[in-house]
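K.L.:
output the structure for:
(2 chains)
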Amino acid sequence: MSTTSVRYIVDDVHAAIDFYCGRLGFEQQMHPDPAFAMLTRGDLRLVLVSPIGPDHPGGGSRPMPDGTKQQPGGWNRIMLQVQDLEGTVEALRPHGVQFRDEIVTGIGSKQILVQDPSGNLVELFEPIRSEARLSS
Amino acid sequence: MTRDPLDTLRLPNVPIEPRPAFADALWRRIAGGEQVVPQSATVRYFVADLDSAIAFYRDQLGFEEELRPSPTFAMLYRGDLRLLLSVAGAPHALPDGTLPEPGGWNRISLQVSNLNATVAALRATGVTFRRGITAGVAVDTAVLADPSGNPVELFEPRAGYHERTTTKE
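P.N.:
Okay, here's the model as predicted:
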């Protein structure tokens, strides 16, 4: 059972499903509405929504009370652990996957930023210290 | 009863919640035994100020501080969610020099059992909401802002709510 839920705002839910399921190993749980999909990957549930009007029955991506629309983008992001970062990046590039930067070696891990079709960021990381590793 | 004038100089007696899991993990590390780390979904948020961010997520939203190895980075946990808080700096700069900033609309979503009460309790402590309670198809949601302006969504399931389940082995 996934207990962590993250909501990403996307321009096109269908294109986002193709990207997250086709390239990053997510599984589609439901896609009951053109503006909504629920995916999972291990313990992470990713809810994809496109901006909707104030009268749409969906709640998550409605405008704010002052009319501000929710948009894709920003810098906050989910992080997905991979075993071989170079290999993963080389496998993704031929499919046209866009990267925001190159592989960066930090203190706890090597990492790179992937862009989804709406410009949202996903961080791929390969731990180089035990504290950063998710599974033994 | 006479008040001891030295009381004001004494440190407050703060109860510390025991965390057996942390002690176990620490012991395994000291003993050099096999480390078993639970699978956790990981999210990185950029914050303007680490102190206020840690205090906010810990005191208002029930996260636990796990690691704080530098003034610009902390690792928090809430259940099986690992939340990394980063203060943007040179290591995060993109090749063109762009620095990450807090904000945006993508957010973690935390399930609560009584959204009305949770929102009321948080408002009473001064937490700002970007949007109050909104009824959706299968959940009611509210979106609050952390001290840096990052959104956090709270949700309470309604009839028709779906969650992937697995059967026990």
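K.L.:
what distance do you get for the spatially most central residue of chain A to A:T88?
P.N.:
What sits nearest the mean C-alpha location of chain A, by C-alpha atoms, centre = their mean, is A:V122, with 5.0 Å. Distance from A:V122 to A:T88, counting by C-beta to C-beta, to the nearest Å: 12 Å. Using the backbone N, CA and C atoms, a C-beta is placed for each residue, glycine as well.
K.L.:
again with A:L48
P.N.:
Distance, A:L48 to A:T88, by C-beta to C-beta: 22 Å.
K.L.:
neighbour count winner among these two?
P.N.:
More crowded of A:L48 and A:T88, by other C-beta atoms under 10 Å in any protein chain shown: A:L48, with 29 against 18.
K.L.:
my guess is the more buried one is in a strand, correct?
P.N.:
Yes. According to DSSP: H, G, I helix; E, B strand; the rest coil, A:L48 belongs to a strand.
K.L.:
hmm, it is touching A:I17, no?
P.N.:
Yes. Using C-beta atoms under 8 Å, A:L48 is in contact with A:I17, at 6.8 Å.
K.L.:
give me the common contacts of those two.
P.N.:
By C-beta atoms under 8 Å, 6 or more residues apart in numbering or on different chains, A:L48 and A:I17 have these common neighbours: A:A37, A:L39.
K.L.:
where does chain A get nearest to chain B, which residue?
P.N.:
A:G74 (1.7 Å; C-beta to the nearest C-beta).
K.L.:
pLDDT weak spots in the chain?
P.N.:
No chain specified, so I'll use chain A. For chain A, the stretches with pLDDT under 70 are A:1-2, A:130-136.
K.L.:
that was the other one, I meant chain B.
P.N.:
Looking at chain B by pLDDT under 70, you get B:1-2, B:8-22, B:25, B:28-29, B:32-39, B:166-169.
K.L.:
count the residues that sit near the residue in it that chain A sits nearest to.
P.N.:
Distance from chain A to each residue of chain B (C-beta to the nearest C-beta) is smallest for B:G104, at 1.7 Å. Other residues lying near B:G104 total 24 when counted by other C-beta under 10 Å.
K.L.:
next: A:L46.
P.N.:
A:L46 has 24 nearby residues by other C-beta under 10 Å.
K.L.:
tell me who's in contact with it.
P.N.:
Going by C-beta under 8 Å, 6+ apart, A:L46 touches A:S5, A:V6, A:R7, A:Y8, A:Y20, A:F26, A:M38, A:L39, A:T40, A:I78.
K.L.:
so A:M79: helix, strand or coil?
P.N.:
strand.
K.L.:
that one and A:I128, how far apart?
P.N.:
Between A:M79 and A:I128 the distance is 14 Å, computed by C-beta to C-beta.
K.L.:
so which of the two has more stuff around it?
P.N.:
Ranked by neighbour count (other C-beta under 10 Å), A:M79 and A:I128 place A:M79 first, with 21 against 15.
K.L.:
ok, the more buried one touching B:Y45?
P.N.:
No. At 10.9 Å, A:M79 does not count as touching B:Y45 under the criterion of C-beta under 8 Å.
K.L.:
now do the SS call for B:R123.
P.N.:
Per three-state DSSP, the secondary structure class of B:R123 is helix.
K.L.:
for the nearest residue to it once chain neighbours are set aside, pull up the helix or strand it's in.
P.N.:
Distance criterion C-beta to C-beta, 6 or more residues apart in numbering or on different chains; nearest residue to B:R123, sequence neighbours excluded, is B:F129 at 6.9 Å. For B:F129, the element it lies in under DSSP states H and E is strand B:128-135.
K.L.:
ok and the helix or strand just after that strand relative to strand B:128-135, angle-wise?
P.N.:
Next helix or strand after strand B:128-135 toward the C-terminus (DSSP H and E): strand B:139-145. Angle between the axes of strand B:139-145 and strand B:128-135 is 170 degrees (criterion: axes from the mean of the first three to the mean of the last three C-alpha atoms, to 10 degrees).
K.L.:
from the contact counts, what lies against strand B:139-145?
P.N.:
helix B:115-124, strand B:128-135, strand B:151-157 (3 or more C-beta pairs under 8 Å, 6 or more residues apart in numbering or on different chains; DSSP states H and E).
K.L.:
partner strands of the last one, with direction?
P.N.:
Yep, that's strand B:151-157 we're talking about. Using DSSP bridges, strand B:151-157 pairs in its sheet with strand B:107-111 (parallel), strand B:139-145 (antiparallel).
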